[in-house]
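Colleague: please find the sequence and the predicted model below.
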Amino acid sequence: MSDIDINKLRRLDGGLLLVFRELIRTRRASQAADRLGLSQPAISHALNRLRDLFEDPLFVRRPHGFEPTRRAEELAPKIEAIIELSDQALSREPGFDPSTSRRRFRFVAPEFVAALIGADLILQLKAKAPGVQFAIGHWDEDAALGALRRGEIDFALGRFGASRPGFVVEPLFEDRYCVAARADHPQLKGAISEAQWREIGHIFAWWASETAQDPPVSEIEPVVQLAWVPQWLTALVLASSTDGLVTCPRRLAERHAAKLGLQVLDMPFPPNRIAVSLMRRTGVRDAGTDWFLDRVREAVEG
């Protein structure tokens, strides 16, 4: 026990942690008070105790609300984990039962991932968990990290970089780029040359959650540009009715080729790798999320 500050532990209680979490989530004392059923003076008193305990201002008042300090941002995932573990220790509820649950799982994913797994997820839930729902948002990595840290989502899928403190990132699947064009394209019959790839004309996706760290093709290759749209699925829909080409993830193109009337072609040169990962908070165990992620993995394989 010599390495533990017993006096600080005695001053820390669950109520203070809940106040901290709500201030991180809402950034406003009035909303934190409403959500916790407390008065605003009680929130202010708790914040003063937190500042004294952690020896940091934690939240700085701004015109738009409270802005967390760097120390508060570092503490957020640790405090969230403490609250989650405490709730699990005190709860008498059995493990997650998909057949009776009415939970709504919340996560973020690029549209090309949502379009790849969404339909299969719906079919799985209808068969195995008819009361369960899911909601998907399209955010970039920084926004996903913030939402995870505040407990607003259960996990995130995307093209994430290195793991960050408070989060664990694990591989979900890999893909490669391909070329998609309408099945009756007048210049393409099951294959494409490098000259055709450069000259026919491209419909590009530009949204950051879709393309991640990839440099735009137009910056590294001299190609004809037809249009720029937010997501690859939109680009595929446009390609199905035009002579435009789409360079996109192969799994996405193959999953929707028959419905959209597309042919999926090998790139005329070695394609880049696309790595999609799963990101969760560290130290948080949730039987329901574990179950749902198994459904996500099954949906990826289709």
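Modeller: Received the coordinates, thanks.

Colleague: Ala205 touches Cys248, doesn't it?
Modeller: Yes. Look at Ala205 against Cys248 with C-beta atoms under 8 Å: they come within range, at 7.0 Å. The C-beta positions use only the backbone N, C-alpha and C, and glycine is treated the same way.

Colleague: which residues are common contacts for the two?
Modeller: 232, 235 (C-beta atoms under 8 Å, 6 or more residues apart in numbering).

Colleague: those two: who's more crowded?
Modeller: Taking other C-beta atoms under 10 Å, Ala205 and Cys248 do not tie; Cys248 has more neighbours (27 against 24).

Colleague: any idea which element Glu254 lies in?
Modeller: Assigned by DSSP states H and E, Glu254 falls within helix 250-260.

Colleague: quick one: strands adjacent to the very next helix or strand once past that helix?
Modeller: Per DSSP H and E, the first helix or strand lying C-terminal to helix 250-260 is strand 262-265. With DSSP bridges as the test, strand 262-265 is paired with strand 167-182 (antiparallel).

Colleague: angle of the strand it pairs with against helix 250-260?
Modeller: Put simply, strand 167-182 runs at 40 degrees to helix 250-260, going by axes from the mean of the first three to the mean of the last three C-alpha atoms, to 10 degrees.

Colleague: can you get me the centre-to-centre distance for the helix or strand just after strand 167-182 and its chain?
Modeller: Using DSSP H and E, the helix or strand that directly follows strand 167-182 along the chain is helix 194-199. Remark: helix 194-199 is offset 35 Å from the chain centroid, using C-alpha atoms, centre = their mean, to the nearest Å.

Colleague: which strands or helices does the very next helix or strand once past helix 194-199 pack on?
Modeller: Next in sequence after helix 194-199, counting helices and strands by DSSP H and E, comes strand 202-205. Packing partners of strand 202-205 (3 or more C-beta pairs under 8 Å, 6 or more residues apart in numbering; DSSP states H and E): helix 217-220, strand 225-229, helix 232-239, strand 246-249.

Colleague: any idea which element Trp291 lies in?
Modeller: Counting by DSSP H and E, Trp291 is found in helix 287-301.

Colleague: return the most buried member of the helices and strands packed on strand 202-205.
Modeller: Most buried of the helices and strands packed on strand 202-205, by mean neighbour count (mean count of other C-beta atoms under 10 Å): strand 246-249, with a mean of 26.

Colleague: show me the shaky parts of this structure.
Modeller: 1-6, 88, 91-94, 162-163, 209-221 (pLDDT under 70).

Colleague: at 80 instead, please
Modeller: 1-12, 84-95, 140-141, 161-165, 207-221, 283-285, 302 (pLDDT under 80).

Colleague: residue ranges of each domain in it, please.
Modeller: Here the domain parsing of the chain from automatic domain parsing is 6-90, 104-172+275-301, 173-274.

Colleague: regarding the longest one, how distant is the last residue from the first?
Modeller: Distance between the two ends of domain 173-274: 9 Å, counting by C-alpha to C-alpha, to the nearest Å.

Colleague: how far out from the middle of the chain is it?
Modeller: Counting by C-alpha atoms, centre = their mean, domain 173-274 comes out at 24 Å from the chain centroid.

Colleague: also stretch 292-302?
Modeller: Using C-alpha atoms, centre = their mean, the offset of stretch 292-302 from its chain centre is 15 Å.

Colleague: circling back to that earlier point, export the helices and strands packed on strand 202-205 to a markdown table and tack on distance to Ala258?
Modeller: As requested, these are exported to a markdown table (distance: least, C-beta to C-beta, whole Å):
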| stretch | distance to Ala258 |
| --- | --- |
| helix 217-220 | 26 |
| strand 225-229 | 22 |
| helix 232-239 | 12 |
| strand 246-249 | 16 |
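
Colleague: tell me which of the ones you listed lies nearest to Ala183.
Modeller: Closest of these to Ala183 is helix 232-239, at 10.5 Å (criterion: C-beta to C-beta).

Colleague: and the angle from that closest one to helix 250-260?
Modeller: Using the same axes, to 10 degrees, helix 232-239 lies at 40 degrees relative to helix 250-260.

Colleague: correct me, but Pro268 touches Glu199?
Modeller: No. Contact criterion C-beta under 8 Å: Pro268 and Glu199 do not qualify, at 11.6 Å.
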